[in-house]
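# Sequence and predicted structure, then a few things I'm wondering about:
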Amino acid sequence: MGRLSRRAFTLAALSTLATAPGAVAAPDHRHRAGAEMRGVWIATVANRDWPSRPGLTADEQRDELIAHLDRVARDRFNTVMFQVRPTADALWPSPYEPWSEYLTGTQGEDPGWDPLGTAVQEAHARGLELHAWFNPYRIANHTDPSRLADGHPARIHPDWAVPYGGKLYYNPGLPQVRAFVQRAMLDAVARYPVDAVHFDDYFYPYPVAGQTFDDDEAYDRYGGDFDSRAAWRRDNIDLLVREMAAGIKRIRPGTRFGISPFGVWRNAATDPDGSDTRAGVQTYDDLYADTRKWVRDHWIDYIVPQVYWNIGFAAADYATLVPWWAEVAKGTRTRLHIGEALYKAGAAGQPSAWQDPVELSRHLTFAAQYPQVRGHVFFAAKDVAADPIGAMARVIADHYGRSANPPR
């Protein structure tokens, strides 16, 4: 791995953003202005979707990745969210962070090829957009820094890391951490003509009963201007979002910035501006992410709330949350797409609605009533391939009969 000191990016030689030719047929829903998001996440953390296991040869990894891209192109998707920084690591030759262990089985070991560079090229060749998906603060799915690669930033700066809930996280309250993770992520933006930068729902970690995220020292040092620790934490995440948006626009103008948060901002019982839900987690209060503000103030170009519940689910009804998010997006310049829980379709232990292959198709039919909804993103690629009860096939048959361009 290269040196981890601060480096200035050389931007003069950057190529302009490559725009892949999209299909020109009109979308299925006539209220949409000629474009809709048809996206799928390809998760690499813990080898969830790709590669199928660590230690495959470079050719085997490449073949599996191309098979995913071929499948989504065939099924008339138009966008892939490809996870390229799952745990403070990299799926490209980063000078800041080690190669991901999910490639070779050993963090820091060169896989012998460039997955992100290949993914961008092959996606564009198929008319697909490639959104580079980063997790800003998760370091590892364990708490042992000695298991990280030699030279890992969290080993060089152990004061940056916080163990919590059996995992290791960078501390979002440290300005030097925020600056570093942005440099690490923006390196990929500088190197590759990605169509967008994509964050998921992990900011401060999800709450774990009986445990405290230990940021006392950072709060004592940097939180003096705030009325509460919660307000300070939200400001830390706001700064990450605003600074990242500015960095993307500076380095590669035209590249978009999108975020896919947990589907509930706040319950109405907590805040009258919230949704009529009774979710156990509220993004504003528990992850310290004011996702509603990011939309209304156009800090981001698109949002994909993870509305991962069926129509009629009492605590968080899909038919309640989609209209709520549509109202949030109404009159803004932030595009609204809905995150869909394909992984629940046919899964054991899920409510009976998820055993019906028509449930997901009903979601798209319902959301089509709201002009602010400009498409859907499905979790995730492995489930598109397996489709155990035919739920994805039903969506494709009912809604994706013709190709559509992604919103730009």
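Okay, I see it.
# my guess is residue 398 meets residue 364, correct?
Yes: between residue 398 and residue 364 there is a contact at 7.2 Å, judged by Cβ atoms under 8 Å. Heads up, the C-betas are built off the backbone N, CA and C, glycines and all.
# Compare those two (neighbour count), which wins?
residue 364 (21 against 15; other Cβ atoms under 10 Å).
# nearest spatial neighbour of the more buried one, skipping sequence neighbours?
Distance criterion Cβ to Cβ, 6 or more residues apart in numbering; nearest residue to residue 364, sequence neighbours excluded, is residue 399 at 4.9 Å.
# For the stretch 101-250 of the chain, just list every one of the helices.
For the stretch 101-250 of the chain, the helices defined by DSSP state H, counting those that start in this stretch cover 101-104, 115-125, 153-156, 175-191, 216-222, 229-251.
# Indicate which one of these is closest to residue 92.
helix 115-125 (3.9 Å; Cβ to Cβ).
# Report the distance from stretch 50-66 to the chain centre.
Mean-position distance between stretch 50-66 and its chain equals 21 Å (Cα atoms, centre = their mean, to the nearest Å).
# Check which residues of it are buried.
50, 51, 54, 56, 58, 61, 62, 65, 66 (16 or more other Cβ atoms under 10 Å).
# got it, and stretch 168-177?
168, 169, 170, 171, 172, 173, 174, 177.
# now it, how far from the centre of its chain.
Distance, stretch centre to chain centre, for stretch 168-177: 19 Å (Cα atoms, centre = their mean).
# would you list every one of the helices in the stretch 251-400 of the chain?
291-296, 318-329, 359-367, 381-386, 391-399.
# same for the third one, what does it pack against?
Of the remaining helices and strands, those touching helix 359-367 by 3 or more Cβ pairs under 8 Å, 6 or more residues apart in numbering; DSSP states H and E are helix 318-329, strand 335-340, strand 373-378, helix 391-399.
# For residue 197, give me its contacts.
131, 132, 134, 185, 189, 244, 248, 255, 256, 257, 258 (Cβ atoms under 8 Å, 6 or more residues apart in numbering).
# how close does the last one get to residue 391?
Just to be clear, that refers to residue 258. According to Cβ to Cβ, to the nearest Å, residue 258 and residue 391 sit 24 Å apart.
# go on, the fourth one?
Remark: distance between residue 185 and residue 391 (Cβ to Cβ) = 33 Å.
# So, low pLDDT: which residues of the stretch 1-150 of the chain?
Within the stretch 1-150 of the chain, the segments meeting pLDDT under 70 span 1-34.
# could you pull out the strands for it?
In the stretch 1-150 of the chain, the segments counted as strands under DSSP state E, counting those that start in this stretch are 37-42, 79-85, 129-134, 138-140.
# Include distance to residue 325 when you put these into TSV, please.
What follows is these, written out as TSV (distance: least, Cβ to Cβ, whole Å):
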stretch	distance to residue 325
strand 37-42	14
strand 79-85	18
strand 129-134	19
strand 138-140	25
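# And the ones you listed: which comes nearest residue 370?
Checking the strands of the stretch 1-150 of the chain against residue 370 by Cβ to Cβ gives strand 37-42 as the closest, at 14.0 Å.
# How about the closest one, which residues are buried there?
Across strand 37-42, burial judged by 16+ other Cβ under 10 Å covers 37, 38, 39, 40, 41, 42.
# would you turn these into CSV with distance to residue 201?
Shown next, in CSV, are the buried residues of strand 37-42 (distance: Cβ to Cβ, whole Å):
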residue, distance to residue 201
37, 17
38, 21
39, 15
40, 17
41, 11
42, 16
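# Pick out the most distant pair among those residues.
Across the buried residues of strand 37-42, no pair lies farther apart than 37 and 42, at 15.3 Å, counting by Cβ to Cβ.
# neighbours around the nearest residue to residue 347 once chain neighbours are set aside, how many?
Distances taken as Cβ to Cβ, 6+ apart place residue 354 nearest to residue 347, at 6.5 Å, with adjacent residues excluded. Close neighbours of residue 354, defined as other Cβ under 10 Å, add up to 23.
# what sits against residue 354?
310, 341, 344, 345, 346, 347.
# and those residues, which are buried?
310, 341, 344, 345, 346.
# any idea which of those is closest to residue 117?
Comparing these against residue 117 with Cβ to Cβ picks out residue 341 as the nearest, at 30.7 Å.
# now the residue nearest to the spatial centre of the chain: how far from residue 57?
Nearest to the mean C-alpha position of the chain, counting by Cα atoms, centre = their mean, stands residue 200 at 3.0 Å. According to Cβ to Cβ, residue 200 and residue 57 sit 29 Å apart.
# Do I have it right that residue 112 meets residue 58?
Yes: at 4.3 Å, residue 112 counts as touching residue 58 under the criterion of Cβ under 8 Å.
# tell me, what's touching those two both at once?
Common contact partners of residue 112 and residue 58 (Cβ under 8 Å, 6+ apart): none.
# excluding its backbone neighbours, what's nearest residue 360?
Nearest residue to residue 360 in three dimensions, chain neighbours excluded: residue 391, at 4.8 Å (Cβ to Cβ, 6+ apart).
# cool, and residue 172?
In space, residue 172 is closest to residue 236, 4.6 Å off (Cβ to Cβ, 6+ apart).
# what distance separates the start and the end of stretch 223-235?
One end of stretch 223-235 sits 10 Å from the other (Cα to Cα, to the nearest Å).
# actually stretch 37-52, sorry about that
Span of stretch 37-52 from end to end, Cα to Cα: 26 Å.
# what does stretch 105-114 give?
In stretch 105-114, first residue to last residue: 16 Å (Cα to Cα).
# buried ones in it?
By 16+ other Cβ under 10 Å, the buried positions in stretch 105-114 come out as 107, 108, 109, 111, 114.
# And stretch 148-155, by the same measure?
Across stretch 148-155, burial judged by 16+ other Cβ under 10 Å covers 148, 149, 152, 153, 154.
# ok, the residue lying closest to the second one once chain neighbours are set aside to residue 328 distance?
Okay, so that is residue 149. Using Cβ to Cβ, 6+ apart and skipping the chain neighbours, the partner closest in space to residue 149 is residue 108 (3.3 Å). Counting by Cβ to Cβ, the gap from residue 108 to residue 328 is 42 Å.
# Also residue 141?
Counting by Cβ to Cβ, the gap between residue 141 and residue 328 amounts to 32 Å.
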